[in-house]
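Q: can't give you the sequence, but here's the structure:
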């Protein structure tokens, strides 16, 4: 007898329907076809053991399992459950009249307990798109899949529960979870607030500009000056995630298996802070079975690279293209996968190996040329892609112990949101651009017009600092953002002057 069940394969952040055909007929062997990898082939032993544990049997006949379409490689152990249910139906040990109306996924243990899967959310989205009635999957992934409405989500703990639901013996009530209410309730919950930061007003101002225009930023300062603390609070002043952004971000974390048992729609912009020993593959994504890297997990949020010169140069260089294109492409012999990588890069570094170059109180003990060699660990092309260079100085004792309450993240965020609204209106005819940082050279020239006094100031700065053409564009973009925060239609000379001061690393003689 022939039985059909349906599963799904995840490539990149999207899922595709897989038809699992099971035919039980004359013969004695088990065959699996349709480009299964080793983990899929090994399902025979797991399925046989799980069925036996629950008083079913593996047919002692010829069993052919076909995973269609046959030209797409099937990877992972999540096909165990649909294969097992297909075998039971094809061998007439059970009758499942509603079997073809469900997408079914789940890895079986030897006693029939289901283990969680990766990519439940994109699979759930594809199931609704394909018109399926529901999605049967491990209970641990049910809340994640329930983000998608108009689809019955059946979470099961064992294969026995799946069997009894499908044959009508013990139907399971679909999980109902109003993720959107939870999402909107969590939007204004802030864990790390700028109100907790005493002093550092100039750094907060730079962070506000970065958030308002989506600009990349690097902080240079001695140990203990507060670089990491300030970076962690940047995501709290970014505009709240839209529902579309939240869904895209949650899909990436679902594919990477980062949502956990209580997976729900991500309500806050992600903040990723990989260690400096990370490999280039772990940062941008890839591997034997391609997975999203840190830059994709930071999509719609912040990627923080602490102690930037300590990262391997090859790791930093692979970020150059994703920073420009806002996506990363992983190419293999038979498949090419795109992962979104629309993140804000925030980096921090000491000014020298000892950490005290340009310190107002402590003396630098680094030898001649050491500071320059240390800075040269970060390539010029990468620094050119960072819009704001900010010097962080230590906070004085009086500032640290002051009773004055600092401005809260919600207040700063409101100004950022207002500036982003201006940019949204400005770029309404160019849907691929959302903020000032994403402007290309042509749009920058059209949008960032400056008067004669501004041109003279910028010319002097370019000649004195030896800035590159890309740095010229960065200054114009940052000054446009400063003007947006001020509610000014045109870029004024004071906006340009403030933008120029955020190119610390370009100043002649800065590194001695």
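A: Here it is on my side, so go on. Not measured: the values here are computed from a predicted model.

Q: any idea how far the closest residue to residue 309 other than its chain neighbours is from residue 221?
A: Counting by C-beta to C-beta, 6 or more residues apart in numbering, residue 377 is the residue found nearest to residue 309 once chain neighbours are left out, at 3.9 Å. The C-beta positions use only the backbone N, C-alpha and C, and glycine is treated the same way. Distance of residue 377 to residue 221, computed by C-beta to C-beta, to the nearest Å: 17 Å.

Q: now do residue 82
A: 55 Å.

Q: Of the two, give the one with the bigger neighbour count.
A: Higher neighbour count among residue 82 and residue 221: residue 82, with 30 against 23, using other C-beta atoms under 10 Å.

Q: isn't the more buried one right next to residue 8, touching?
A: No: with contacts defined as C-beta atoms under 8 Å, residue 82 does not count as touching residue 8, sitting 9.5 Å away.

Q: got the contact list for residue 7?
A: Residues counted as contacts of residue 7 (C-beta atoms under 8 Å, 6 or more residues apart in numbering) are 17, 18, 20, 78, 79, 82, 103, 104, 105.

Q: From residue 96, how far out is it?
A: Residue 7 is 15 Å from residue 96, by C-beta to C-beta.

Q: Repeat that for residue 167.
A: According to C-beta to C-beta, residue 167 and residue 96 sit 6 Å apart.

Q: So between the two, which is more surrounded?
A: Legend: neighbour count by other C-beta under 10 Å for residue 167 and residue 96, higher for residue 96 (20 against 17).

Q: Could you report the pLDDT at the more buried one?
A: At residue 96, the model reports a pLDDT of 94.

Q: Contact partners for it?
A: Contacts of residue 96 (C-beta under 8 Å, 6+ apart): 85, 88, 89, 166, 167.

Q: ok but it is inside a helix, no?
A: No: using DSSP: H, G, I helix; E, B strand; the rest coil, the secondary structure at residue 96 is coil, not a helix.

Q: ok, the closest residue to it other than its chain neighbours - how many residues close by?
A: Nearest non-adjacent residue to residue 96, counting by C-beta to C-beta, 6+ apart: residue 166, 4.1 Å away. Neighbouring residues of residue 166 were enumerated by other C-beta under 10 Å; the total is 25.

Q: I figured residue 166 hits residue 99, correct?
A: Yes: if you go by C-beta under 8 Å, residue 166 and residue 99 touch, sitting 6.1 Å apart.

Q: Just the ones in helices from the contacts of residue 96, please.
A: Counted as lying in helices by DSSP state H, out of these, are 85, 88, 89, 166.

Q: in the stretch 201-350 of the chain, which spans are strands?
A: Remark: strands assigned in the stretch 201-350 of the chain by DSSP state E, counting those that start in this stretch are 217-220, 271-272, 285-286, 291-292, 302-305, 327-331, 336-340, 344-349.

Q: Tell me which of those strands lies nearest to residue 243.
A: strand 336-340 (16.0 Å; C-beta to C-beta).

Q: ok, the nearest residue to residue 270 once chain neighbours are set aside - contacts?
A: Distances taken as C-beta to C-beta, 6+ apart place residue 301 nearest to residue 270, at 3.6 Å, with adjacent residues excluded. By C-beta under 8 Å, 6+ apart, the contact list for residue 301 reads 235, 238, 249, 269, 270, 271, 272, 343, 344.

Q: ok, the fifth one - contacts?
A: The neighbours of residue 270, taking C-beta under 8 Å, 6+ apart as the test, are 235, 249, 253, 297, 298, 299, 300, 301, 302.

Q: which ones among the residues you listed are found in helices?
A: Those of those lying in helices (DSSP H): 249, 253, 297.

Q: Overlap of the contact sets of residue 166 and residue 99?
A: Common contacts of residue 166 and residue 99, defined by C-beta under 8 Å, 6+ apart, comprise residue 85.

Q: rewinding a little: ok, of the contacts of residue 301, which come out buried?
A: Neighbour-count burial (16 or more other C-beta atoms under 10 Å) applied to those gives 235, 238, 249, 269, 270, 271, 272, 343, 344.

Q: moving C-terminal of the helix or strand of the chain with the lowest mean pLDDT, what's the next helix or strand?
A: Of all helical and strand segments in the chain, the minimum by mean pLDDT, DSSP states H and E falls on helix 397-400, at a mean of 65. Beyond helix 397-400 in the direction of the C-terminus, DSSP states H and E gives the next helix or strand as helix 409-426.

Q: and that following helix, how far out from the chain's middle?
A: Mean-position distance between helix 409-426 and its chain equals 22 Å (C-alpha atoms, centre = their mean, to the nearest Å).

Q: repeat for stretch 376-392
A: Using C-alpha atoms, centre = their mean, the distance from the centre of stretch 376-392 to the centre of the chain it belongs to is 23 Å.

Q: Centre-most residue in the protein?
A: Nearest to the geometric centre of the chain sits residue 297, at 2.3 Å (C-alpha atoms, centre = their mean).

Q: these two touch, right, that one and residue 253?
A: Yes: shown here, residue 297 and residue 253 form a contact pair, counting by C-beta under 8 Å, at 6.5 Å.

Q: circling back: generate CSV for the strands of the stretch 201-350 of the chain, with distance to residue 197 and mean pLDDT as supplementary columns.
A: As requested, the strands of the stretch 201-350 of the chain are arranged in CSV below (distance: least, C-beta to C-beta, whole Å; pLDDT from 0 to 100):
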stretch, distance to residue 197, mean pLDDT
strand 217-220, 13, 93
strand 271-272, 16, 94
strand 285-286, 33, 86
strand 291-292, 32, 90
strand 302-305, 16, 96
strand 327-331, 33, 87
strand 336-340, 31, 88
strand 344-349, 15, 94
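
Q: Which one, of these, ends up nearest to residue 454?
A: strand 217-220 (22.9 Å).

Q: Can you tell me what sits against the closest one?
A: Outside strand 217-220, the residues that touch it by C-beta under 8 Å, 6+ apart are 203, 206-207, 210, 227, 230-231, 308, 344-351, 383, 386-392, 504-505.

Q: Compare the ones in helices among the contacts of residue 96 and tell me which is most surrounded.
A: residue 88 (29 neighbours).

Q: Give me the distance between the closest residue to that residue other than its chain neighbours and residue 86.
A: In this structure, residue 88 finds its nearest non-sequential neighbour in residue 94, 4.4 Å apart by C-beta to C-beta, 6+ apart. The gap separating residue 94 from residue 86 is 11 Å, by C-beta to C-beta.

Q: Compare these two (neighbour count), which wins?
A: The neighbour comparison of residue 94 against residue 86 (other C-beta under 10 Å) goes to residue 86, with 28 against 16.

Q: what's the nearest residue to the more buried one if we skip its chain neighbours?
A: Using C-beta to C-beta, 6+ apart, the nearest residue to residue 86 is residue 22, at 3.5 Å.

Q: So for the residue nearest to residue 96, what pLDDT did the model give?
A: If you check residue 166, the pLDDT there is 96.

Q: Also residue 267?
A: 83.

Q: same thing with residue 440?
A: Confidence score, pLDDT, at residue 440: 84.

Q: mind putting the buried ones among the contacts of residue 301 in TSV, distance to residue 27 included?
A: Converted to TSV, these look like this (distance: C-beta to C-beta, whole Å):
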residue	distance to residue 27
235	59
238	61
249	49
269	56
270	52
271	56
272	52
343	54
344	60
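
Q: Sort out which one of those residues lies nearest residue 67 for me.
A: For those, the nearest to residue 67 is residue 249 (30.2 Å; C-beta to C-beta).

Q: ok, the closest residue in space to residue 450 that isn't next to it in sequence - contacts?
A: Nearest non-adjacent residue to residue 450, counting by C-beta to C-beta, 6+ apart: residue 491, 5.2 Å away. For residue 491, the contact set (C-beta under 8 Å, 6+ apart) comprises 448, 449, 450, 454, 476, 479, 480, 483.

Q: Can you get me a residue count around the fourth one?
A: Counted with other C-beta under 10 Å, residues neighbouring residue 454 total 21.

Q: Phi first, then psi, for residue 478.
A: With angles defined as degrees, to the nearest 10, residue 478 sits at phi -70, psi -40.
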